[in-house]
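**Student:** this one's sequence-less:
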């Protein structure tokens, strides 16, 4: 289990950053035969991506929303995300085909959704938390005094003029 890092921390990352939300909405909970296959496919995909350092997946966080489970993923490029999604030799494409086949048999029983964001600038702060979110997917660094406010961190990320100082807590 990861430890709580006391103090004010933020993330640091150079390069293209993509935030990808993907989830399912279970509309008929009493029909696990319709939603369970999609539910169990996601951990296989995440395992596959996490064990391939060239996949482009930087990290992820599993969450539970009002309609069902979803995942926030952090990627190094849109191209790598789409390459994975369309590769017939990896877990996603066969799972997507199977989901579509099942969905046609029982329209409306389970839904899937995703949102893709190409991030120009990102600001974050983590105060006395475990390493999580964007900081877990990238570099976890102390918030320098000059970047104590959210607006300053956001502006700094846009200007690229200065970078947060490396933290002894960073991997």
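**Tutor:** Received, thanks. Remember, it's a predicted structure, so these values are computed and weren't measured experimentally.

**Student:** Next, the residue most central in space within the chain: phi, psi?
**Tutor:** Closest to where the C-alpha atoms of the chain average out (C-alpha atoms, centre = their mean) is residue 73, at 1.4 Å. Per-residue torsions, residue 73: phi -120, psi 150 (degrees, to the nearest 10).

**Student:** wouldn't it be in contact with residue 60 here?
**Tutor:** Yes. Judged on C-beta atoms under 8 Å, residue 73 makes contact with residue 60 at a distance of 4.5 Å. (Glycine included, C-beta is placed from N, CA and C.)

**Student:** most residues in a single helix of the chain, which one?
**Tutor:** When the chain is parsed with DSSP state H, its longest helix is helix 32-50.

**Student:** what residue ranges in the chain score low on pLDDT?
**Tutor:** Residues of the chain meeting the criterion pLDDT under 70: 1, 147, 150, 154, 157-171.

**Student:** ranges for the helices of it?
**Tutor:** 32-50, 78-86, 92-105, 133-137, 150-159.
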